[in-house]
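# Structure, please.
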Amino acid sequence: MSEISITLPDGSQLGFEAGVTVSEVAFSIGTGLGRAAVAGEIDGELVDLRTSIEDDVDLSIVTADSEKGLDIMRHTTAHIMAQAVKRIYGDVKLAIGPTIEDGFYYDFDLKKRFSPEDLKEIETEMKKIIKEDLPIERELIKKEDAAKLMKEKGENYKVELINGFDDEYVSLYHQGEFTDLCRGPHLFSTGKVKAYKLLNIAGAYWRGDENNKMLQRIYGTSFRKKSELEEYLERLEEAKKRDHRKLGRELDLFSMHDEGRGFPFFHPKGMVLRNQLINFWRDEHHKAGYQEIKTPIILNQSLWRRSGHWDHYKDNMYYTEIDQEAHAIKPMNCPGGILVYKDKMHSYRDLPIRMAELGLVHRHELSGTLHGLMRVRNFTQDDAHIYCLPSQIVDELTGVIKLVDIIYSAFGFNYTVELSTKPEKAMGSDELWDRATEALKEAVEKNDLSYEVNEGDGAFYGPKIDFHLEDSLGRTWQCGTIQLDFQMPERFDLTYVGRDGDDHRPVMIHRAIYGSLERFMGILIEHYAGAFPVWLSPVQVAIIPVSDDQLSYAKTLKKTLEEVKIRVEIDDSNEKLGYKIRQAQVQQIPYMLIVGSNEEEDKTVSVRERREGDIGVMGINGFQERIKQEIVEKK
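This is a model prediction of the structure:
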């Protein structure tokens with residue numbers, strides 16, 4: 001046998017006979033590493049531990065405690081779940097079963113509807129499969145042979161997938177009697193899975209197309225240790241308590257109705273929260289030199305063809321006909337904003353021009369993807385478009401980054417930054433894309449922000465910076481975005497008169513900070529668990545009279561507080577005092593002012609804070625100063 005050289009991540013080289021497996025290399029380095037190994041990475045490609053190495057390669061060992069290792073473990077758990085479902089329900093057909101953030105899912109075609117009780121039975125069968133410690137082995141097979149095998153098994157979804165592949169060979173994975181189509185890699189055997197849980201059931205169209213059959217999707221997760229699983233399940237329980245749909249009902253903020261699926265209805269208290277966010281946004285944008293505009297919701301189809309949305313986005317748009325001409329409801333605000341810029345001539349002295357718009361947009365989302373305020377069919381995008389000179393790009397990007405920080409800091413959010421580069425389907429030359437990408441990198445680095453590069457995930461007209469917020473449960477949400485665009489100015493023939501008297505192209509910066517006002521509200525509801533800071537709370541103060549005798553005094557207090565723009569309610573119900581206090585706490589009202597005969601006589605209030613409880617008796621002026629300071633400082 002010939003000798004081969006294997007280069008490890010630290011640059012060291014080891015010699016082996018050709019045909020050595022990844023697992024054998026790991027054990028040769030150390031017993032501990034061999035036991036911890038779940039896969040290998042050969043020349044950048046993930047492979048199974050059983051993979052034979054025939055040539056000189058770069059090799060890194062993937063261990064269970066890495067993110068890649070955890071992903072492989074979850075992928076294997078998905079196969080174990082599918083095997084368990086096949087054992088219990090013989091007539092089931094398999095679709096796909098990928099890993100996702102924090103877990104995995106598998107889609108099944110089965111006449112019987114899964115119930116929560118069925119998940120327990122499936123988990124029990126999974127336990128048996130894990131105990132059997134079945135070897136998991138990969139087979140590389142000709143495409144036509146794989147299709148024939150899956151057809152014999154009645155797996156028509158797998159046959160469809162195989163027929164769509166361009167490769168001559170595909171890989172199958174076998175564990176006991178179970179065979180699945182998969183690229184892998186997988187764990188060495190089923191016994192390597194330690195801690196797992198099936199979570200819930202949902203519907204999903206085959207290939208995400210609502211014209212296809214609705215399948216049943218089972219979600220699950222797995223972890224390296226039982227303690228990690230238990231910690232995750234505790235976080236899930238906390239997330240359920242914070243679910244913005246549940247709190248939205250309880251706090252009377254918004255509702256969703258079948259008469260308008262995906263279109264939220266905001267209630268009076270929800271509108272208070274929404275308007276506070278808008279007022280804050282307007283104030284900060286005014287300070288930052290933005291002018292606010294408003295553009296129409298419906299515009300002629302010719303505009304969307306010119307902007308490129310027709311070619312790149314038409315499946316997500318809604319259409320109508322006006323005066324026998326095709327129109328579209330806007331999915332984005334930028335083409336309308338561009339028309340405002342074009343309405344008059346501009347000089348280089350005018351630039352930069354910063355135009356902001358709280359624009360209502362509509363996008364056709366599949367019904368199965370709709371989720372409260374997080375995924376809707378109409379939402380308000382807090383857009384702004386900056387038109388600037390090439391020499392102003394980095395300064396303008398810096399200004400946006402600072403504005404993003406001001407706004408996110410007000411809510412106590414930490415955030416991370418991601419730079420997305422040219423996608424496969426894009427407008428414009430590589431040269432323009434390179435210029436735009438380098439400008440974004442320069443701005444991010446100039447502001448000392450660490451960032452990750454997300455290759456190929458830019459907008460079709462330009463690269464972008466995305467801001468990912470971290471909420472109080474450690475979850476991340478992509479909200480803000482900055483996109484640098486050399487394409488739209490070309491498409492719309494945007495110009496300014498330069499120092500030389502000739503026409504030149506401005507550079508266009510697209511940016512949003514909330515992203516979607518509706519989704520941002522949903523994030524805030526869950527982030528604060530409905531207990532909004534005082535400045536955002538729909539009701540800031542509940543006045544609770546001990547008896548009807550104090551109603552007149554309560555009304556006087558209410559009027560006094562409302563005169564300084566504090567939002568107040570009086571609980572004049574016939575309930576007992578303790579019940580009224582509990583109700584105010586359930587409604588997450590920051591302050592309760594208890595007024596009895598002593599308070600009325602002394603012209604004071606007994607103050608309770610929703611978390612601290614009783615904080616003592618105050619004069620009304622003293623309480624006003626306290627709450628107004630909290631509002632101004634956005635504590």
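
# Let me see the contact set for Trp206.
Neighbour list for Trp206: Ala95, Asp107, Asp109, Tyr157, Asn212, Lys213, Met214, Leu215 [criterion: CB atoms under 8 Å, 6 or more residues apart in numbering]. The C-beta positions use only the backbone N, C-alpha and C, and glycine is treated the same way.

# Isn't the fifth one up against Tyr205?
Yes. Applying CB atoms under 8 Å as the test, Asn212 and Tyr205 come out as touching, 5.0 Å apart.

# higher neighbour count, these two?
A count of neighbours by other CB atoms under 10 Å puts Tyr205 above the other of Asn212 and Tyr205, at 17 against 11.

# quick one: that one from Gly164, how far?
17 Å (CB to CB, to the nearest Å).

# start to end distance for stretch 3-12?
16 Å (CA to CA, to the nearest Å).

# got the contact list for the regular element (helix or strand) spanning His312?
Counting by DSSP states H and E, the element that carries His312 is helix 309-313. For helix 309-313, the external contacting residues (CB under 8 Å, 6+ apart) are Gln301, Trp304, Arg305, Met317, Pro331, Met332, Pro335, Lys425, Phe460.

# For the fourth one, list the residues it contacts.
Pointing back at Met317 there. So Met317 contacts Trp304, His309, Ala328, Ile329, Pro331, His362, Arg363, His364 (CB under 8 Å, 6+ apart).

# and the fourth one, how many neighbours does it have?
Going back to what we said before, that points to Ile329. 18.

# just the helices in the stretch 301-450 of the chain please.
301-307, 309-313, 334-342, 393-409, 430-446 (DSSP state H, counting those that start in this stretch).

# Compare these and report which one is nearest to Lys86.
helix 309-313 (39.9 Å; CB to CB).

# Now that closest one: buried residues?
His309, His312, Tyr313 (16 or more other CB atoms under 10 Å).

# just to revisit the earlier point, next, format the helices of the stretch 301-450 of the chain as JSON lines and append distance to Glu562 and mean pLDDT.
Formatted as JSON lines, these follow (distance: least, CB to CB, whole Å; pLDDT from 0 to 100):
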{"stretch": "helix 301-307", "distance to Glu562": "46", "mean pLDDT": "90"}
{"stretch": "helix 309-313", "distance to Glu562": "46", "mean pLDDT": "81"}
{"stretch": "helix 334-342", "distance to Glu562": "38", "mean pLDDT": "94"}
{"stretch": "helix 393-409", "distance to Glu562": "28", "mean pLDDT": "93"}
{"stretch": "helix 430-446", "distance to Glu562": "45", "mean pLDDT": "85"}
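
# Quick check: which of the ones you listed is nearest to Ser52?
helix 430-446 (39.8 Å).

# So which elements touch whichever helix or strand comes after the closest one?
Downstream of helix 430-446, the next assigned helix or strand under DSSP H and E is strand 451-454. Secondary-structure packing of strand 451-454 (3 or more CB pairs under 8 Å, 6 or more residues apart in numbering; DSSP states H and E): strand 414-420.

# What residues sit buried inside the strand it packs on?
Applying 16+ other CB under 10 Å to strand 414-420 flags Tyr415, Val417, Glu418, Leu419, Ser420 as buried.

# Also stretch 132-149?
Quick answer for stretch 132-149 (16+ other CB under 10 Å): Leu134, Ile136, Arg138, Ile141, Ala146, Ala147, Leu149.

# what do you get for stretch 450-470?
Quick answer for stretch 450-470 (16+ other CB under 10 Å): Gly458, Ala459, Phe460, Tyr461, Gly462, Pro463, Lys464, Ile465, Asp466, Phe467, His468, Leu469.

# Arg217 bridge partners, please.
Beta bridges link Arg217 to Asp107, Ala202 when assigned by DSSP bridges.

# got the buried residues for stretch 74-93?
Within stretch 74-93, judged by 16+ other CB under 10 Å, the buried ones are 74-87, 89, 92-93.

# Please read the previous query as pertaining to stretch 296-308.
Ile297, Leu299, Gln301, Leu303, Trp304, Arg306, Ser307, Gly308.

# Look up the closest residue to the third one, ignoring the ones flanking it.
Of all residues not flanking Gln301 in the chain, Ala326 sits nearest, at 4.0 Å (CB to CB, 6 or more residues apart in numbering).

# how far is the helix holding His312 from where the chain is centred?
With CA atoms, centre = their mean, to the nearest Å as the basis, helix 309-313 stands 23 Å off its chain's centre.

# what stretches of the chain score poorly on pLDDT?
Where the chain drops to pLDDT under 70, the residues are 1.

# Tell me how it divides into domains.
Taking automatic domain parsing as the domain assignment, the ranges for the chain are 3-63, 68-233, 254-294+346-527, 541-633.

# Could you dump the ones you listed into a markdown table and include distance to Lys240?
A markdown table is the format used below for the domains of the chain (distance: least, CB to CB, whole Å):
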| stretch | distance to Lys240 |
| --- | --- |
| domain 3-63 | 31 |
| domain 68-233 | 11 |
| domain 254-294+346-527 | 10 |
| domain 541-633 | 17 |
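
# Leu247 is nearest to which of the ones you listed?
Across these, closest to Leu247 is domain 254-294+346-527 (CB to CB), at 5.2 Å.

# distance between that closest one and the chain's centre?
15 Å.

# Going along the chain, name the strands of the stretch 201-350 of the chain.
With strands called from DSSP state E, counting those that start in this stretch, the stretch 201-350 of the chain shows them at 214-223, 254-255, 265-266, 291-292, 298-300, 318-322, 325-329.

# Could you dump the ones you listed into JSON lines with distance to Tyr196 added?
Formatted as JSON lines, the strands of the stretch 201-350 of the chain follow (distance: least, CB to CB, whole Å):
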{"stretch": "strand 214-223", "distance to Tyr196": "4"}
{"stretch": "strand 254-255", "distance to Tyr196": "36"}
{"stretch": "strand 265-266", "distance to Tyr196": "39"}
{"stretch": "strand 291-292", "distance to Tyr196": "52"}
{"stretch": "strand 298-300", "distance to Tyr196": "50"}
{"stretch": "strand 318-322", "distance to Tyr196": "42"}
{"stretch": "strand 325-329", "distance to Tyr196": "45"}
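
# Pick the most buried one from these.
Scoring the strands of the stretch 201-350 of the chain by mean neighbour count under mean count of other CB atoms under 10 Å gives strand 214-223 as the most buried, with a mean of 21.

# residues making contact with that one?
70, 73-74, 77-78, 81, 85, 95, 102-110, 113-114, 119, 122, 193-206, 229, 232.

# Alpha carbons of it, as CSV, please.
C-alpha atoms of strand 214-223 as CSV (Å, rounded to 0.1, in the frame of the first residue of the first chain):
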residue,chain,number,x,y,z
MET,A,214,-49.8,19.5,2.6
LEU,A,215,-47.5,17.2,4.6
GLN,A,216,-47.1,16.8,8.3
ARG,A,217,-43.9,18.1,9.9
ILE,A,218,-42.5,17.0,13.2
TYR,A,219,-40.0,19.3,14.9
GLY,A,220,-37.4,18.0,17.3
THR,A,221,-34.0,18.8,18.9
SER,A,222,-31.1,17.0,20.4
PHE,A,223,-28.1,18.0,22.5
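
# that older thread, and which of the contacts of helix 309-313 is nearest to Arg183?
Using CB to CB, the contacts of helix 309-313 come closest to Arg183 at Lys425, 23.6 Å.

# Contacts only, for the closest one.
Here Lys425 is in contact with His312, Phe460 (CB under 8 Å, 6+ apart).

# if you set the cut-off to 10 Å instead, what comes out?
Asp311, His312, Gly456, Phe460 (CB atoms under 10 Å, 6 or more residues apart in numbering).
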